[in-house]
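S.K.: Got a sequence here, can you build the structure:
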Amino acid sequence: MAGALTPAFGGLSRNLEAVLDTSPDGPPARVTLGPGGRDVRLWGDLNDGTAERLRRLLDANPGVTRLHLTSDGGLVDEGAAIGELVAARGLVTYVPDYCVSACTLAFVRGRERLIVDDSRLGFHAPYEPGLFGQMIPVDASDERGRYLAAGLEPAFVEQALATPSRDVWIPDSTHLRAAGVVTGVVGPGDLPDSTLDDDDSPGGARAAVLRAVALLAGFAGPRPGVLDGIAARYRESYRQGRSESDGLDLIRTEAAGAIRAAFAGADDATLAGLGRLVLDAMTASGSEEACRAIGRDGDLLAAADALPGRRGGVARMRALLDRALAGPAPIAPDAAPHAPAPSPGCAALRRRLAETLARGDALRLREALFGRSARRLEASALPGEP
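M.R.: Now for the predicted structure:
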């Protein structure tokens with residue numbers, strides 16, 4: 001009971017187009033107790049037995065107060081049964097990413113119904129699967145009654161159920177709140193992270209880290225300990241119940257440190273290429289604050305992001321990073337980026353870097369990018385290395 005959707009929260013969440021399936025016969029939902037035993041995480045298709053597994057988990061953990069839902073739908077009866085459990089236990093429902101089709105029957109029964117601003121709730125008419133992928137329309141009276149009983153605006157319900165089965169209607173958060181579907185919109189820092197609800201293994205954490213910072217893929221071959229170390233610390237953050245924004249901050253901070261360390265050991269030609277990228281990024285950054293973050297604070301992730309497009313900053317940075325990682329033992333800069341005081345403005349930072357590049361002074365360029373105290377260390381000094 002689903003169709004094609006668009007990606008949700010851009011930090012750690014998945015591209016929904018890659019996981020959404022029009023078949024109700026996908027792998028069974030994963031139903032697990034969240035960190036601290038305060039919530040349950042439901043991820044995947046609502047197949048036969050999903051509601052029963054949820055009931056058993058709730059019976060065994062009476063302290064649960066919230067259900068996190070990430071699902072592209074499944075069986076209407078299962079979605080309705082989960083909704084009955086939610087209502088009977090007085091649970092809060094929360095969609096951190098997407099909840100489509102039959103999943104919405106569970107979501108709307110929450111005592112409170114929470115989303116983040118770019119969560120996706122998807123609605124369409126019910127159907128029965130036929131031969132060769134056919135979707136056979138069925139009477140929507142039961143679904144209409146359930147939505148109305150949950151307090152949804154009648155006009156909203158009619159539009160939802162008038163959407164053809166092969167399509168999905170995805171209202172924005174303002175429309176959802178006005179129609180009584182959602183009671184609150186939270187930020188990615190307000191509730192525990194749900195990114196690893198489908199797979200909290202080391203491999204799942206590694207995949208999430210790479211989704212968050214694609215440049216880290218450069219470490220997978222030459223220095224896998226760096227990538228695995230960041231993934232392990234992110235996984236621990238998830239298991240401690242920290243928020244998605246906290247997890248993303250952790251990943252980006254550690255990624256930035258690892259990338260700086262790799263570049264600080266690069267040859268002069270690679271450093272000159274990095275300097276030109278940083279100069280271009282400062283020019284394209286669009287604000288004094290963003291320019292200073294790149295040129296004064298040494299935020300190389302921000303530098304890559306400031307140059308969009310297929311041949312933009314990320315592609316250029318990755319090519320340079322590959323060259324740096326192919327070299328000898330790295331030079332590690334200060335743990336924190338060099339921030340001179342008093343702080344020069346963006347124009348002065350650009351001018352100094354441009355002059356350093358024009359002179360071809362490798363030592364001054366290294367100091368400009370990494371600070372005067374950058375020094376040679378063994379490879380074991382890299383973040384995450386044993």
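
S.K.: Could you pull out the strands in the stretch 201-350 of the chain for me?
M.R.: 331-332 (DSSP state E, counting those that start in this stretch).

S.K.: Can you list the low-confidence ranges for it?
M.R.: For the stretch 201-350 of the chain, applying pLDDT under 70 flags the ranges 310, 328-343.

S.K.: redo that, cut-off 90
M.R.: Of all residues in the stretch 201-350 of the chain, those with pLDDT under 90 make up the ranges 264-265, 286, 297, 308-312, 327-344.

S.K.: any idea where the helices of it begin and end?
M.R.: Using DSSP state H, counting those that start in this stretch, the helices of the stretch 201-350 of the chain run over 202-212, 224-239, 244-264, 268-284, 288-295, 300-305, 313-325, 346-359.

S.K.: Would you format those as a markdown table with distance to Arg30 included?
M.R.: (Each C-beta comes from the backbone N, C-alpha and C, glycine too.) Below are the helices of the stretch 201-350 of the chain laid out as a markdown table (distance: least, Cβ to Cβ, whole Å):
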| stretch | distance to Arg30 |
| --- | --- |
| helix 202-212 | 11 |
| helix 224-239 | 14 |
| helix 244-264 | 18 |
| helix 268-284 | 40 |
| helix 288-295 | 38 |
| helix 300-305 | 31 |
| helix 313-325 | 32 |
| helix 346-359 | 47 |
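
S.K.: Stretch 148-160 - what's its average pLDDT?
M.R.: Here stretch 148-160 scores 96 as its mean pLDDT.

S.K.: Please work out which residues outside that stretch touch it.
M.R.: Residues from elsewhere that reach stretch 148-160, judged by Cβ atoms under 8 Å, 6 or more residues apart in numbering: 83, 108-109, 123-124, 144, 147, 169, 171, 175, 178-181.

S.K.: quick one on the thing from earlier: mind putting the helices of the stretch 201-350 of the chain in TSV, distance to Asp48 and mean neighbour count included?
M.R.: As requested, the helices of the stretch 201-350 of the chain are arranged in TSV below (distance: least, Cβ to Cβ, whole Å; neighbours: other Cβ atoms under 10 Å):
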stretch	distance to Asp48	mean neighbour count
helix 202-212	25	19
helix 224-239	29	20
helix 244-264	31	22
helix 268-284	52	19
helix 288-295	51	20
helix 300-305	44	23
helix 313-325	43	19
helix 346-359	60	15
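
S.K.: closest to Glu367 out of the ones you listed?
M.R.: helix 346-359 (8.7 Å; Cβ to Cβ).

S.K.: what does the closest one rub up against?
M.R.: 272, 275-276, 278-279, 282-283, 285, 288, 291-292, 295-296, 344, 364-365, 368.

S.K.: low-confidence ranges in the stretch 1-150 of the chain?
M.R.: Within the stretch 1-150 of the chain, the stretches with pLDDT under 90 are 1-28, 35-36, 126-140.
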